[in-house]
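> Pasted the sequence and its predicted model underneath.
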Amino acid sequence: MPGPRVIASARALTITGGHGHNIGIAREVDGADDARKAVREQIKAGARSIKVIATGGVLTPGIGATFTAMTVEEIGAAVQEAHSWGRGVAAHAIGEEGIMRAVRAGVDSVEHCVQATPVVVREMVSRGTFRGATLSALLGISQNPGVPAYAAEKARALVEEARAAHARCVRAGVRHVLSTDAGTPFNPHGNAPNEAARMVDWGTRPLDAMIAATANGADLLRLPDVGRIAPGMRADLVLYDENPVEAIEALRRPRSVWKDGVKV
């Protein structure tokens, strides 16, 4: 069917009782062998990428957002198996120890990555680990009424730490991708332009926000023929009447969208 390019991850891997266990998006795993089997199950189901839940989360009751969940052995087994199939691995990780375990295990990207301390940042830079800041998710949960109190409280406790971590990662040269965590409260699909603007508000250069949304995203998702304008690339393009590098808000006002050189 005509549509966008989707690099689906199927079900995320979480520990028994871990973040996401209660809403049907995750496969609970215990131990390295079970994590390896779970990766194979997702690939059998058609997954072209794998997601692991390395820490607690904001939206799951009864577990702290920074709680360290998966063991080094579990993450390492999942990464090794996924990479042997040519699949990338993204890690949901908020707390410092969970982020560090995921990075050292060789994940390709860390989503949220709130407690990016100096030692974590150095490790990410040295390994080339991508970071998806998902600012829209954190701000959507922390700033809007109607969000469950437990989730709003956890989110608000992380905002300033996330702001400082984002600035630290930008200064150090951590490679960013534009990542929204769409589907969380007040954060619908199609929110990428707002995420880019928030990244700029928090210290990212507009040009770097554009690179995060295009070339870096393609590199992370192992798509060598998109994300750039060059001979031999697929002509996946968005056209604007303004230059987003000069005014990032222009991303909210596209003129047209093209896929494979065809206006859609």
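Looks like it arrived, so ask away.

> From now on I want contacts and neighbour counts done on CA atoms only, so please keep to that.
Fine.

> Can you tell me the closest non-neighbouring residue to Ile25?
Computed as C-alpha to C-alpha, 6 or more residues apart in numbering, the closest residue to Ile25 that is not its neighbour in sequence is Arg11, at 5.5 Å.

> same deal with Ala47?
Ser9 (4.8 Å).

> pretty sure that neighbour is touching Ile50, no?
Yes - under the criterion of C-alpha atoms under 8 Å, Ser9 makes contact with Ile50 at 4.9 Å.

> neighbours around the residue nearest to Ile25, how many?
Counted with other C-alpha atoms under 10 Å, the neighbours of Arg11 add up to 20.

> do the same with Gly132
Neighbourhood size, Gly132 [other C-alpha under 10 Å]: 23.

> Please enumerate the strands of the chain.
Assigned by DSSP state E, the strands in the chain fall at 12-15, 26-29, 49-53, 88-93, 109-112, 130-132, 176-177, 237-240, 254-259, 262-263.

> can you tell which of those is closest to Thr184?
Closest to Thr184 of the strands of the chain is strand 109-112 (C-alpha to C-alpha; 12.8 Å).

> need the contact list for the nearest residue to Val72 once chain neighbours are set aside.
Leaving aside its chain neighbours, Val72 sits nearest to Arg101 (5.6 Å; criterion: C-alpha to C-alpha, 6+ apart). By C-alpha atoms under 8 Å, 6 or more residues apart in numbering, Arg101 lies in contact with 54, 71-72, 75.

> Next: Ala93.
Taking C-alpha under 8 Å, 6+ apart, we find Ala93 in contact with 53-56, 66, 99, 102, 110-114.

> Now with 7 Å, please.
Going by C-alpha atoms under 7 Å, 6 or more residues apart in numbering, Ala93 touches 53-55, 99, 110-113.

> That one and Met100: what is the separation?
9 Å (C-alpha to C-alpha, to the nearest Å).

> Apart from its neighbours in sequence, what residue is nearest Ala45?
Nearest one to Ala45, counting by C-alpha to C-alpha, 6+ apart, is Ala10 at 7.3 Å.

> ditto for Pro206
Using C-alpha to C-alpha, 6+ apart and skipping the chain neighbours, the partner closest in space to Pro206 is Val245 (5.1 Å).

> The one you found and Arg205: what is the separation?
8 Å.

> I figured Glu30 hits Gly17, correct?
That one is not Glu; residue 30 is Asp. No - the criterion here is C-alpha atoms under 7 Å, and Asp30 misses it with Gly17 at 10.4 Å.

> in the stretch 51-200 of the chain, which spans are helices?
Under the criterion DSSP state H, counting those that start in this stretch, helices of the stretch 51-200 of the chain are mapped to 72-84, 96-105, 118-127, 135-143, 149-156, 159-172, 192-201.

> Buried deepest among the ones you listed, which one?
Of the helices of the stretch 51-200 of the chain, the one with the most neighbours on average (mean count of other C-alpha atoms under 10 Å) is helix 96-105, at a mean of 24.

> Pull the distance from that one to the chain's centre.
15 Å (C-alpha atoms, centre = their mean, to the nearest Å).

> Stretch 17-35 too?
The chain centroid and the centroid of stretch 17-35 are separated by 18 Å under C-alpha atoms, centre = their mean.
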